[in-house]
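K.L.:
Just need the structure, nothing else, for what follows:
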Amino acid sequence: MNIVVLAGGLSTERDVSFKTGSMVAKALKENGHKVILLDVFMGYSDREEDLTGIFDRADEISVQVSDIPTEAPDLAKVKDSRKDQSACFFGPNVIKMCQMADIVFMALHGENGENGKIQAAFDLFGVKYTGSDYLSSAIAMNKETSKQFFLANGIPTPKGISMTRETRQDDITKLDLTLPCVVKPCCGGSSIGVTIVRDAAEFKAALDDAFKWENELVIEEFVQGREFSVGVIEGKALPIIEIAPKEGFYDYKNKYKAGSTVETCPAELPEQVTKDMQHYAEEVARVIGLDTYSRSDFLLNDKNEMFCLEANTLPGMTPTSLLPQEAAVIGMSFNQLCEHLIDISLKKYEV
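P.N.:
Here you go, the predicted model:
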């Protein structure tokens, strides 16, 4: 097959997306496909191109990727560096190249990758892509909206409120909140802009930081406990993985700096807790409509009470990412997983 692996974009997870994309592209090439790794925002060239035989020149035009930096990218600089400076989100030749592919592997993370906008555009342009559709992607990306789905369907989740710039209240004593609490952007990813607030004096600074990234926030009770993630493929939960940062919490640095986190799969949990957490992960996928693959994150306190934090519609896809580690436990190699995600995504387009 001719495959475009779509990465980059204008998200705080832009660099993470490139790492996912490069590893997926490598695996798919090894599987015998012709693969182009493409930056959805920068595109290919800055003019109209004759794209005939473009997949035969895949290595020549694919994005070259380095390691993930320890800090989020400066998106203003990324915007300024695009040659055509068009108001269109899609870079030059992106739509044409995606239309020429048999399928687009979505290696995007964060805004305009997981919020459903690109999926909706691809539906209109007749482009086939991996992962969930635009509606379920939009629901999962918005932490406030997905929390309402959790609550309506009996999926345990931390208590919390939402806040916008217009409804901002810096005095935590005037809100229905207890300390400690967690302040985070409503639609962000990779824990960017997330702060654990332990006293009232820290609250305003946490709001300032989170509002740098978005206009809407979710503020939740802080749950002290162990962190877990559960992948779901076609409605069936994979083995659970535990994530234990050596310092602090599972923030941007701990997610992507080698050696900063201990990951254990399958997680060491009582049998009933394992079953319950896998059940809730499957329920998250069902109620939101994540019908191909996804990953849900959980916290477990010392009473073995679990809380679902969020669903990820396009989980990280390097061999050491969480979903591939879980798949490896059931005997599925990284290359096999990449191929399987394409196969199940193509089922959406069967008449």
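
K.L.:
Quick one: the helices in the stretch 151-300 of the chain, in order.
P.N.:
Listed in chain order, the helices of the stretch 151-300 of the chain (DSSP state H, counting those that start in this stretch) span residues 200-211, 252-256, 271-288.

K.L.:
Residue ranges in the stretch 51-200 of the chain under the pLDDT threshold?
P.N.:
In the predicted model of the stretch 51-200 of the chain, residues 70, 188-191 satisfy pLDDT under 70.

K.L.:
which secondary structure elements does the strand or helix carrying residue 104 contact?
P.N.:
For residue 104, the host element (DSSP states H and E) is strand 103-106. Other helices and strands packing on strand 103-106, by 3 or more C-beta pairs under 8 Å, 6 or more residues apart in numbering; DSSP states H and E, are strand 2-7, helix 14-30, helix 117-125, helix 334-346. Every C-beta, even on glycine, is put in place using the N, C-alpha and C of the backbone.

K.L.:
Contacts for that strand next, please.
P.N.:
When contacts are taken as C-beta atoms under 8 Å, 6 or more residues apart in numbering, the neighbours of strand 103-106 outside the stretch itself are 1, 3-6, 21, 24-25, 28, 98, 113, 118-119, 122, 127-131, 314, 338, 341-342, 345-346.

K.L.:
Now, of those residues, which are buried?
P.N.:
Judged by neighbour count, with 16 or more other C-beta atoms under 10 Å as the criterion, the buried members of the contacts of strand 103-106 are 3-6, 21, 24-25, 28, 98, 113, 118-119, 122, 127-131, 314, 338, 341-342, 345-346.

K.L.:
What residues sit buried inside stretch 141-154?
P.N.:
Across stretch 141-154, burial judged by 16+ other C-beta under 10 Å covers 141-143, 146-147, 149-150.

K.L.:
can you confirm residue 146 is in a helix?
P.N.:
Yes - using DSSP: H, G, I helix; E, B strand; the rest coil, the assignment for residue 146 is a helix.

K.L.:
so who does it touch?
P.N.:
When contacts are counted by C-beta under 8 Å, 6+ apart, residue 146 is found next to 139-140, 288, 310-311.
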